[in-house]
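Asker: Predicted model, plus sequence, below.
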There are 4 protein chains.
Amino acid sequence: MSTDHDRLVELRRELHRHPEPAWTEFWTTARVVEELRRVGVDDYHVGREALADARLSVPDDEELETWRERAREAGADPDLLEEMAGGWTGCVAVVEAGEGPTVGLRVDIDGLPREEAAGDDHHPAREGFRSETGAMHACGHDAHATIGIGVLEAIGETDFSGTLKVFFQPAEEVIGGGRPMAESGHLDDVDYLYAAHVGLDYPTGEVVAGLEGILAVTQFYATFEGEPGHAGARPEEGRNAVQAMATAVGGLYGIPRHSDGASRVNAGRVGGGTATNIIPEEAFVHGEVRGETTEIRDHTFERARDVLEGAARTHGCSVDLEVQGEAPSAASDEELVEVVHGVAADHAEVTRATRRGELGGSEDATFLMQRVQDNGGLAAYVGVGTDHPGGHHTATFDVDEASIGIGVDVLTEAIAETAERY
Amino acid sequence: MSTDHDRLVELRRELHRHPEPAWTEFWTTARVVEELRRVGVDDYHVGREALADARLSVPDDEELETWRERAREAGADPDLLEEMAGGWTGCVAVVEAGEGPTVGLRVDIDGLPREEAAGDDHHPAREGFRSETGAMHACGHDAHATIGIGVLEAIGETDFSGTLKVFFQPAEEVIGGGRPMAESGHLDDVDYLYAAHVGLDYPTGEVVAGLEGILAVTQFYATFEGEPGHAGARPEEGRNAVQAMATAVGGLYGIPRHSDGASRVNAGRVGGGTATNIIPEEAFVHGEVRGETTEIRDHTFERARDVLEGAARTHGCSVDLEVQGEAPSAASDEELVEVVHGVAADHAEVTRATRRGELGGSEDATFLMQRVQDNGGLAAYVGVGTDHPGGHHTATFDVDEASIGIGVDVLTEAIAETAERY
Amino acid sequence: MSTDHDRLVELRRELHRHPEPAWTEFWTTARVVEELRRVGVDDYHVGREALADARLSVPDDEELETWRERAREAGADPDLLEEMAGGWTGCVAVVEAGEGPTVGLRVDIDGLPREEAAGDDHHPAREGFRSETGAMHACGHDAHATIGIGVLEAIGETDFSGTLKVFFQPAEEVIGGGRPMAESGHLDDVDYLYAAHVGLDYPTGEVVAGLEGILAVTQFYATFEGEPGHAGARPEEGRNAVQAMATAVGGLYGIPRHSDGASRVNAGRVGGGTATNIIPEEAFVHGEVRGETTEIRDHTFERARDVLEGAARTHGCSVDLEVQGEAPSAASDEELVEVVHGVAADHAEVTRATRRGELGGSEDATFLMQRVQDNGGLAAYVGVGTDHPGGHHTATFDVDEASIGIGVDVLTEAIAETAERY
Amino acid sequence: MSTDHDRLVELRRELHRHPEPAWTEFWTTARVVEELRRVGVDDYHVGREALADARLSVPDDEELETWRERAREAGADPDLLEEMAGGWTGCVAVVEAGEGPTVGLRVDIDGLPREEAAGDDHHPAREGFRSETGAMHACGHDAHATIGIGVLEAIGETDFSGTLKVFFQPAEEVIGGGRPMAESGHLDDVDYLYAAHVGLDYPTGEVVAGLEGILAVTQFYATFEGEPGHAGARPEEGRNAVQAMATAVGGLYGIPRHSDGASRVNAGRVGGGTATNIIPEEAFVHGEVRGETTEIRDHTFERARDVLEGAARTHGCSVDLEVQGEAPSAASDEELVEVVHGVAADHAEVTRATRRGELGGSEDATFLMQRVQDNGGLAAYVGVGTDHPGGHHTATFDVDEASIGIGVDVLTEAIAETAERY
């Protein structure tokens, strides 16, 4: 295949230098659109045209404007920036190539709000493409966006017949962008959908045709409100929000296991109170529940709601519960797994083609997969191995750039073959 | 004073042989009435005529009938037993002795549901008047009833002018008899009220004119109901009543202290569940709250209610909360304390007359005291010291019979002087 | 096949009339031995000769002697009763039938400590073989023991060549008998082992060749000991065992899920304290943990140990933790599953032969299975369907006697074929 | 009395403009020393000469240096600043005035780390002496320090004979300065000690000769440390510090009441964890316990220690417990109360002289009072009423400057009379 891998590596490095967290992918989206124009894709939909009104965990206006301004300074197209005001980022690219089914590819594009490693043993630092924004592409979405462009470019070199849609999805890290894109309408005619992720402890050269064990997840933020009181002089006047929170933590972890499959609960971040001598008036739990199926997740979340409200009641407090992100579970369809596996097994640089493997986490591509499957289509979540020195989400995460080409090749071939076969 | 102390000792021993727990004082009440007739008191009111309809912790019919039958076999007056059907025990005796105020004396008459010691080192066992009923007078109420009779007998030998009412109150041990007697109407014309208790770690020869620190109390029984489930096969189907109970226990002890005075909480007896492999469907807390004032007790109980309901909600259970006994706090009035202190200080066998001392517990005489005080009258709670080998409520508790005479003398004199002075 | 099914039904009914709980199977063992003699098996090992010194949950001497005396009165062989003194019940029967492998069959023989239904709609009551001991065969072990005898009788009519051992295991219901029998030495030369259970919601006519999902389990009894105190007068003197228990309950249910598979925790029965006004001095948790693998169970139990000790420490109490029963997980080997499935599929009365099915609980046959598998042998746990009106362990449980013959036939054939095939 | 009250008001306002939090009273101490020199007191001891090596809650070096630099810029004496390096603030002033006892006066000098109100309805803002440091004198210590200077100035105008020591104590707000000053040696020859506080809801014109109800207090910071784990992929690997903290919160509030008097517990500020999908590795409780007596406080703190260690153990974590501040309880001696009451009753501007009143909080002057009382001396804690628009520690707290003169007068007179009378 003749796609210019060097160009793709350069693009990936440019994206890596400009990571933007969830819903602030202003520069990134603009850069993606620039590439679309370059490769001749002129049917694309940005922001409000790519997303339904169902975004979660959108930052406040000040935060959004700070990043939009930064994108402007970094040279992003002012018209696009105008269009994306308010955090309407991401885009959908469409290529019509004759008769045939509609095949989709979903890639995510957001970075993480964390510092990147600066030492010489960190490849991006050494090679001069370390993050310049304070955020970091610590989960490989720079590679994902690049692969999306690569596939759009390469598809023309195959005998693909049909329609290809590439979904450049924002806000995956807060599991906030999947649902609005799934409900945008652009998925409604998609017959086959691929989603892809690099790394996940699979080495360069391995391709997993269908990643499993994607847990449904709901992230929530619960705020307890009570009444303050002087802890020495008037303890009885307080309604203790920290007590309520502590009772809730105990109750959350005590939600029963589910016999239909795995469930998870975590009160990952908590806090409350202001000073040793004040009965705490406010406290919070920032937590999540997961389930091997969406039903298990829902069951567990219903229990969590009971716990939070009961714990508040126990200590005379009120509680406000906000869902901040969610994604269902989803499974890869056997037919597409077979396609990817076959393609991968034939690829020269693929040293190990696996049918099934574990993801062991959550991901909101499931919203898009579910949409397609609900409409009678098929979907698969493909793992593209890449050697990564640091773990996902850590300061030393990096992608082996050799895997980008593999990802482009395998996905392009799989898309072409899918259109042909079905 | 010429009261026949030997007769009183005999009476006390007879009562000691026939202890009856709360609301089953059938034989005891009948025996008291027999004594009233003997000493010439013919104005007395038994059961429904002595109590308002506010009894708490009445046993079930089977239990009541078992004890009533036992009383019949022990020779109690069948007409009185008929009158007392349903656990309407206790009586009020009235002596009108000319012009003057109405002075009351409250004594309690119930035993405790516990085995009595049988060893030779236990005086009642050695002397042959150990309990024959399976229950036990382990708190000296046999002495209290005897003192009540003694005072009725002795008052005639004083120059008392006025009306004397002696309240033989049932069901003190479950703090269930005070309120119905207080609301019976018989207290409404009482100007001055004395209540008395023997022992309480004060030795024979000591008299405490006004016992303080009587905590208001509410005893409750909370039953949690959830749903069962097989712990191995279907844990998610259960709504775990034991979890709810455990959360409630944590919450109850976590009710804040009160800056207006002492409070207490205790989950004294708890339980739940049936087998290791069943998610528990039922659980209970049998507990109590106390307060230095009735307001503190009420505040604490309101918090307990929140806790119980909140804990149930937390684990998807329901809770049923029943108040099983209660008594307010009450304080002894200085005027009566002075009267008792003066009388006691002059008594030959009183080696130590104290104005104030601590009770350190709860007691439902407070309902009667409060009633009198609310009507503008005065009240005092008198401690009559008695050496007791075992602690109150233990199997080896016993009363030094020498203290019975002291109690009769001091209270009779105090009643007479009260009528004279005020 | 010509085994006399009527005889077996009679035997089952006789066993049903004499249920004996764990470690008191005196009459039952003696009756089994009587049958062994009848069918000509003279190589058998009773009690201490059938069990290693690893029994759990043995009742106290008084309880044991009560049941042994009852067995004597019911006509059990006095010599055998002597041999079984101290609760050494159960037996192993051995039949040598020429060259060939050693094949084992494990059946359990104990009843449950519960009342049996007495109504006419309960078959054993209507037909006059309702329990006469106060205990109940509410889980079909009467049928299991009968099947064991039936197989010993029927094996001679097949062309079985090898050694057959039937393990009549006591004390399964407390998961206390599996390990001592597994470690007795009698398993050490067993090449293939079958265990069987009737019912489990599989109807008459269905045979499940390999039951799965047998969770490893540990049952424990934790006793918290603190110090008492008067809840009103001296709350600070108490060390509150109920608080410790409640904290432990919270902590136990809060033990984290395990990513390697299912885990379970239950505090199935708890209690503590004596009276509302006493700070509770004692409390207990009777609970269990389970795991899809023995490792998960062990991990979870280690966490439970931390919780129990930590909770005691939190409230100044001590805790005593006793393991009362345990069983590992185990899986059925594919080879034996195939044998059973083939035999069952060919049986005229088997309407549905299934390869794999769920048990969804725990069972200590796993100790024996594991022993054989650890020695390089194979094992399978076979489900023999039976219609049962009431659920397992309920008062109206009963076995469809038609399933006994099916069980005997299928297991006998499977044993014979196993010896032939391997 | 002729002390120049206007000068004192000016001094108070100057101090109000320069509030410095605990252990950073560099400018304040230097300003006090300047005043000492002005009024002719040349026997004074600063920093290390005024404090034993027992300081608690000293800020880190960076914080200390920031404030010291700020003091330098504000014109503080460089030699004194040098002496106070490391947060050795505060001073003791000594005036020898002939034969007689040694009488002490303790005033505190630190501000609070909070913003001051800026509105025109806030007197210091309106009059131009609002805080310039970011901290705030929100508890009247500016008035206290001023009163200390005023008394030193005024004492010469009385017939006082003896030695006067004024203790300008740092770090009262973190209850960290009392103990080091008490153990400095300067208290060892003090026969009579007064401490004073303005406000506390007593209005201008009221003087309370002996404030009671000063609860002993211990402030602590407990850090739980566990192990992280991915909440979705590997929950069993975590040792959950937030669970430990939550269990600790439950346990802390569940510490039993004490029958000897009031106790208090508060987990005033808590927190833990980093993200919803990580099992929390760290958590903390910043809390306090109090007692009506030091013994009750100690008993309660011992229980708290059990709770914290037990909670850590329950969840497989470790805990580090640091005491950050503490003060004993203390009572005012009747003799000194009489002196103050007499003096106050005679003062023209005192409209209400009270013998006893409630403080209802904690305060580390008790360390100094206890030191004197342990040596056989007498001590009293005097309340000087002042109208204050906002509550103590709030942004709108202010002192009615008329009360400064009253404080100076009453304390000076009381000191003089104490020396004379005893």
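Answerer: Everything's here; your move.
Asker: Let me see the ranges of the helices in the stretch 301-422 of chain A.
Answerer: In the stretch 301-422 of chain A, the helices defined using DSSP state H, counting those that start in this stretch lie at A:334-346, A:365-374, A:402-421.
Asker: Now tabulate the ones you listed in CSV and tack on distance to residue D:178 and mean pLDDT.
Answerer: (Each C-beta comes from the backbone N, C-alpha and C, glycine too.) CSV is the format used below for the helices of the stretch 301-422 of chain A (distance: least, C-beta to C-beta, whole Å; pLDDT from 0 to 100):
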stretch, distance to residue D:178, mean pLDDT
helix A:334-346, 72, 96
helix A:365-374, 60, 96
helix A:402-421, 65, 96
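Asker: Quick one, which of those helices gets closest to chain C.
Answerer: Closest to chain C of the helices of the stretch 301-422 of chain A, according to C-beta to the nearest C-beta: helix A:365-374, at 19.1 Å.
Asker: pLDDT value on residue A:386, please?
Answerer: We have a pLDDT of 97 for residue A:386.
Asker: how near is it to residue A:202?
Answerer: 8 Å (C-beta to C-beta, to the nearest Å).
Asker: got it, and residue A:302?
Answerer: From residue A:302 to residue A:202 the distance is 35 Å (C-beta to C-beta).
Asker: higher neighbour count, these two?
Answerer: Counted by other C-beta atoms under 10 Å in any protein chain shown, residue A:302 and residue A:202 do not tie: residue A:202 has more neighbours, with 23 against 13.
Asker: Can you classify the residue nearest to residue A:359 when sequence neighbours are not counted as helix, strand or coil?
Answerer: The spatially closest residue to residue A:359, leaving aside those adjacent along the chain, is residue A:211, at 4.4 Å (C-beta to C-beta, 6 or more residues apart in numbering or on different chains). Following DSSP: H, G, I helix; E, B strand; the rest coil, residue A:211 is assigned to strand.
Asker: Who are the contact partners of residue A:211?
Answerer: Contact analysis of residue A:211 by C-beta atoms under 8 Å, 6 or more residues apart in numbering or on different chains lists A:197, A:200, A:332, A:356, A:357, A:358, A:359, A:381, A:382, A:383.
Asker: pretty sure the fourth one contacts residue A:207?
Answerer: No - using C-beta atoms under 8 Å, residue A:356 is not in contact with residue A:207, being 11.8 Å away.
Asker: Between the two, tell me which one has more neighbours.
Answerer: Higher neighbour count among residue A:356 and residue A:207: residue A:207, with 30 against 15, using other C-beta under 10 Å.
Asker: Nearest residue to the more buried one in space, please, no chain neighbours.
Answerer: Excluding its sequence neighbours, the residue lying closest to residue A:207 (C-beta to C-beta, 6+ apart) is residue A:344, at 3.9 Å.
Asker: wait, doesn't the one you found sit right on residue A:410?
Answerer: Yes - between residue A:344 and residue A:410 there is a contact under C-beta under 8 Å: 5.2 Å.
Asker: between the two, what contacts are shared?
Answerer: Shared contacts of residue A:344 and residue A:410, defined by C-beta under 8 Å, 6+ apart, comprise A:207, A:350.
Asker: So which elements touch the worst-scoring helix or strand of chain A on mean pLDDT?
Answerer: Taking mean pLDDT, DSSP states H and E as the measure, chain A has strand A:352-361 as its least confident helix or strand, at a mean of 88. For strand A:352-361, the elements it packs on are strand A:206-214, helix A:334-346, strand A:378-384, judged by 3 or more C-beta pairs under 8 Å, 6 or more residues apart in numbering or on different chains; DSSP states H and E.
Asker: So which of these is nearest residue A:328?
Answerer: Minimum separation from residue A:328 across these (C-beta to C-beta) falls at strand A:206-214, 8.8 Å.
Asker: from the chain's centre, how far out does that closest one sit?
Answerer: Here the centre of strand A:206-214 is set off from its chain's centre by 16 Å, with C-alpha atoms, centre = their mean, to the nearest Å.
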